[in-house]
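Asks: Everything below, folded, please.
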Amino acid sequence: MSDRDLLRQRLSAGISELHLEFDAAAIERLLDYVDLLARWNAAYNLTAVRDPGEMVTRHLLDSLAVAPHVTGATLADLGSGAGLPGIPLAIAAPEREVLVVDSNGKKARFLREAVRKLALANARVAESRVENVEGPFDCITARAFASLGEMLRWGGHLLASDGRWLALKGRRPDDELAAMPDGFGVEDVVTLRVPGLDAERHLVIVRRAGTKVRPGS
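Replies: Model (predicted):
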């Protein structure tokens, strides 16, 4: 069995455990992303994770664990780094427009190459500071590039009036939850179970204060 076959097996098992469904083309595109990330990582140091198998767990499955909580037609992934969770989420939902944002030049170059190589017609890249990006977006993801309060102060203007902000955290950030900036409220804190990952993962779901939650959203 080839290395790619082993990665495919690991990814497919994890996707099944997450109760998600992907066609064969999407699975291959996710594996192509890992291959591209591993090759660029040798020169650009985009992630501390070096092993492709660990990338499947710590990057792909960790990102896809939030997919059931993403809503709306537009998504912005702030402080995307190597494209996490934005690129896997763009592959998962080709009908959704995805903007991946990072101010670091080498990371933005990788993101543009990933969008091109993976033929992600629904994704685009913004090499920009968060506060300079224009919105609004139905959903925003941010993978712990700053505290929750800082993220909202820098990027809160991007959230649509009835949008959903998804902050990916490790341990439950109770101190950050107690220091929410004005105008925003925590809707829920969800414990995520990432297949193969023995570490805490939490998703903080934020909405604008006073937002009425629509059925199914």
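
Asks: from here on, contacts and neighbour counts on C-alpha atoms
Replies: Fine.

Asks: Mind naming the longest helix for the protein?
Replies: Counting by DSSP state H, the longest helix found in the chain is helix 24-44.

Asks: Tell me which other helices or strands it touches.
Replies: Here helix 24-44 touches helix 3-17, helix 52-55, helix 86-92, helix 105-117, going by 3 or more CA pairs under 8 Å, 6 or more residues apart in numbering; DSSP states H and E.

Asks: Let me have those helices in TSV, extended by mean neighbour count, mean pLDDT and distance to Asn41.
Replies: Converted to TSV, the helices and strands packed on helix 24-44 look like this (neighbours: other CA atoms under 10 Å; pLDDT from 0 to 100; distance: least, CA to CA, whole Å):
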stretch	mean neighbour count	mean pLDDT	distance to Asn41
helix 3-17	16	97	18
helix 52-55	19	94	11
helix 86-92	25	98	16
helix 105-117	18	97	9
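
Asks: Dump those to JSON lines, plus distance to Gly210.
Replies: Supplementary listing: the helices and strands packed on helix 24-44 in JSON lines, determined by distance: least, CA to CA, whole Å:
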{"stretch": "helix 3-17", "distance to Gly210": "35"}
{"stretch": "helix 52-55", "distance to Gly210": "39"}
{"stretch": "helix 86-92", "distance to Gly210": "27"}
{"stretch": "helix 105-117", "distance to Gly210": "35"}
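
Asks: Give the full set of residues in contact with the residue most central in space within the chain.
Replies: Relative to the mean C-alpha position of the chain, the nearest C-alpha, by CA atoms, centre = their mean, is the one of Pro85, at 1.9 Å. Listed by CA atoms under 8 Å, 6 or more residues apart in numbering, the contact set of Pro85 reads His59, Leu60, Asp62, Ser63, Leu64, Asp77, Thr141, Arg143.
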